[in-house]
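S.K.: what follows is a predicted protein model with its sequence.
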Amino acid sequence: MIDAHCHLNFHSFEKDYDGVIKSAFKAGVTKIINAGTKLDSSQLAVDLAQRYNSPAGELYAIVGVHPHHADKLEEGWLEKLEKIAKKPKVVGIGEIGMDYFSYKSNDIVDPKLQKSVFIQQIELAYKLKLPLQIHNRQAGRDILDILINHKSYLLNPPGMFHCFAGSMDLLKKILNMGFYVGFDGNITYKGLAPGEDTDLKDLARYAPADRIIVETDSPYLTPEPKRGNRNTPEYVIITAGFIAKLKNLTFQDFEAKTTENTVRLFKL
Ligand SMILES: [Zn+2]
Ligand SMILES: [Zn+2]
């Protein structure tokens, strides 16, 4: 089992990441991909990836600038990111994208800035031949426009939408473009997230099993029945079991498929 997107590089795991990683390996998670959201957390994801390299399990890094940080960049950030992205065990550029949701902790960043930072990273990913790991919240239409306008910068396969949410139409369009689709613990929640109109369960039922990637987004989005606790990579197994049931597949069959998908996309 693979956790294709988490943040053991965040403060929440500062004190006990080693225990968390070992416990995930023990539970049967053999590969963990940590994603950066700005330059320092990207560098940390790389440092972690280089520290864990064993038959029990491996860590990888995805590096990039999240749209929430698009207004806090200093000159030369792209060159610095490129340097980090060229390090061993970096398997993708992310989490990058657009976010139009107004959070308590983060207001909406100027869409023009978000767009420019997103595009520069799409171009960097193309230059380095790395797939994209895209963050989208309520910005599907604009992300789609940007991707279509930058078609010549997309690899085959182009990448994945992490923690997918949105309309059935958006899902169909990104699948047509060759993207993989990531689901997290929030698929186990009842009801719709604020601003969403399509149940994640329906989206996962529609998406073909050979295009689904499972992730945790730890420390966030803890699946039921563990909700209320900090999320950790080993709970990816709970989410995979939940999706397998939705799709009427055995856990073993779904696990094999989603592992194969993640390995293929990120060349693990
Ligand atoms: Zn995200
Ligand atoms: Zn994330």
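M.R.: Structure received. Ligands and ions are numbered 1, 2, ... in the order given.
S.K.: drop to CA atoms for contacts and neighbour counts, all remaining ones
M.R.: OK.
S.K.: where does the stretch 151-268 of the chain dip in pLDDT?
M.R.: By pLDDT under 70, the stretch 151-268 of the chain contains no weakly predicted segment.
S.K.: which parts of it are helices?
M.R.: 168-176, 200-206, 236-246, 251-266 (DSSP state H, counting those that start in this stretch).
S.K.: just the angle between the helix or strand harbouring V91 and helix 251-266, please?
M.R.: V91 belongs to strand 90-99 when elements are defined using DSSP states H and E. If you take axes from the mean of the first three to the mean of the last three CA atoms, to 10 degrees, strand 90-99 sits at 90 degrees to helix 251-266.
S.K.: partner strands of strand 90-99, parallel or antiparallel?
M.R.: Using DSSP bridges, strand 90-99 pairs in its sheet with strand 57-63 (parallel), strand 132-137 (parallel).
S.K.: contacts for it next, please.
M.R.: Outside strand 90-99, the residues within contact range by CA atoms under 8 Å, 6 or more residues apart in numbering are 35-37, 46, 60-68, 85, 108-109, 111, 114-115, 118, 121, 125, 130-139, 142-143, 266-268.
S.K.: repeat that with 7 Å
M.R.: Here strand 90-99 makes contact (CA atoms under 7 Å, 6 or more residues apart in numbering) with 35-37, 46, 60-67, 114, 118, 125, 130-139, 143, 266.
S.K.: now do the buried residues in stretch 176-195.
M.R.: For stretch 176-195, the neighbour count (16 or more other CA atoms under 10 Å) marks 177-189 as buried.
S.K.: drop anything exposed from the contacts of strand 90-99.
M.R.: With burial judged by 16+ other CA under 10 Å, the buried subset of the contacts of strand 90-99 is 35-37, 46, 60-67, 114, 118, 125, 130-139, 143, 266.
S.K.: flag every buried residue along the host helix or strand of F118.
M.R.: Assigned by DSSP H and E, F118 falls within helix 111-128. For helix 111-128, the neighbour count (16+ other CA under 10 Å) marks 111, 114-115, 117-119, 121-122, 124-126 as buried.
S.K.: how far off centre is that helix?
M.R.: What separates the centre of helix 111-128 from the centre of its chain is 16 Å, taken as CA atoms, centre = their mean, to the nearest Å.
S.K.: surely V117 is in contact with A70?
M.R.: Yes: if you go by CA atoms under 7 Å, V117 and A70 touch, sitting 6.1 Å apart.
S.K.: just to revisit the earlier point, ok and the helix holding F118 relative to strand 90-99, angle-wise?
M.R.: 160 degrees.
S.K.: what does helix 111-128 contact?
M.R.: 67, 70-71, 93, 96-98, 131-132, 153-155.
S.K.: again, 6 Å this time
M.R.: With CA atoms under 6 Å, 6 or more residues apart in numbering as the test, helix 111-128 has contacts from 67, 70, 93, 96-97, 153.
S.K.: which one of these has the most neighbours?
M.R.: Comparing the contacts of helix 111-128 on neighbour count, I96 comes out first with 32 neighbours (neighbours: other CA atoms under 10 Å).
S.K.: secondary structure element for I143?
M.R.: Here I143 sits within helix 140-149, counting by DSSP H and E.
S.K.: which parts of that helix are buried?
M.R.: Those would be 140, 142-143, 146-147, for helix 140-149 by 16+ other CA under 10 Å.
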